[in-house]
Each structure stands twice: as C-alpha cells, then as structure tokens.
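*Asks:* Fold the stuff below for me.
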Amino acid sequence: MGAAITLAQRHLDAGAHLVMIESEGITENVASWRTDVIGAIVAGVGLDRVMFEAADPAVFEWYVKSYGPEVNLFVDHSQIVQLECLRSGIWGTKSTRGRVRTYKPDHQREEDAS
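*Replies:* Take a look at the predicted model:
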C-alpha cells in the first residue's frame with residue numbers, strides 16, 4: 001500500500017490534478033471492502049487529490065457517508081442522477097435519508113470563492 005501512495009504522490013508532484021483509484025480489490029470482487037486501504041490512501045494523498053471508482057450504489061453511498069458529499073467519485077453514467085441526488089440530500093436509503101449535509105455556512109462559501 002505504501003508503494004501505491006508513493007507512486008500517486010509522484011504523479012501529483014509531476015502535475016496530475018487527481019489520481020484515480022480502481023475499485024477492483026478494494027470494493028469490487030472482494031469478500032469484504034478494504035476500507036483500511038481507502039483510509040490509508042486518503043491519509044497519504046489527501047481527499048481532494050484522489051478519485052475513487054464506485055461501481056454500485058452501495059459503494060458510492062458508503063463513500064458519501066464516510067467522506068461527505070464532495071468526495072470525488074467515478075460512477076457509471078447510468079448512476080449519475082442517483083449519486084447527485086444522494087449528494088444533495090434528496091435521495092437516500094434509510095441510513096442516509098436526511099443525513100447528508102449539503103449546505104455551507106456563508107463564511108465557508110466566501111472562502112471557497114476566493
């Protein structure tokens with residue numbers, strides 16, 4: 001895992017804006033999701049510098065619940081509306097409905113604009 005983080009950081013240092021993380025072996029085709037790997041990547045690279053593949057709604061729901069609605073996710077084009085509705089708080093399952101914070105206080109919006 002350390003080698004992957006080092007390699008990702010090298011690409012970012014060389015000018016890449018984001019590093020894409022494939023779901024295979026992390027949340028896809030595994031007995032249980034490797035959330036430890038996801039956490040290590042986020043800690044080592046930074047949440048704003050990584051994009052995770054989320055192959056199905058249960059996976060992207062976990063990412064939004066775990067890392068917030070602004071987490072960078074790559075989903076199938078047929079799932080974009082479902083993901084964006086989840087991010088905005090207008091759709092969700094029992095565990096997310098009404099629990100996704102999508103507003104920003106005025107002072108945070110001003111910081112984002114500058």
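
*Asks:* Let's verify the nearest residue to Arg34 once chain neighbours are set aside: helix, strand, or coil?
*Replies:* By the measure of C-beta to C-beta, 6 or more residues apart in numbering, the closest residue to Arg34 outside its immediate chain neighbours is Ile26, 4.7 Å from it. Every C-beta, even on glycine, is put in place using the N, C-alpha and C of the backbone. Of the three states, Ile26 takes coil under DSSP: H, G, I helix; E, B strand; the rest coil.

*Asks:* number of nearby residues for Ile26?
*Replies:* Ile26: 20 surrounding residues under other C-beta atoms under 10 Å.

*Asks:* just Ile90 next, same as before
*Replies:* 12.

*Asks:* Distance check, it against Val64.
*Replies:* Per C-beta to C-beta, to the nearest Å, Ile90 is found 13 Å from Val64.

*Asks:* Next: Arg34.
*Replies:* Relative to Val64, and taking C-beta to C-beta, Arg34 is found at 18 Å.

*Asks:* Just want to know which of these two has more residues nearby.
*Replies:* Neighbours were counted for Arg34 and for Val64 using other C-beta under 10 Å; Val64 has more, 22 against 15.

*Asks:* tell me the mean pLDDT for the host helix or strand of the more buried one?
*Replies:* Secondary structure assignment for Val64, by DSSP states H and E: helix 57-67. Across helix 57-67, pLDDT averages out at 92.

*Asks:* buried ones in that helix?
*Replies:* 59-65, 67 (16 or more other C-beta atoms under 10 Å).
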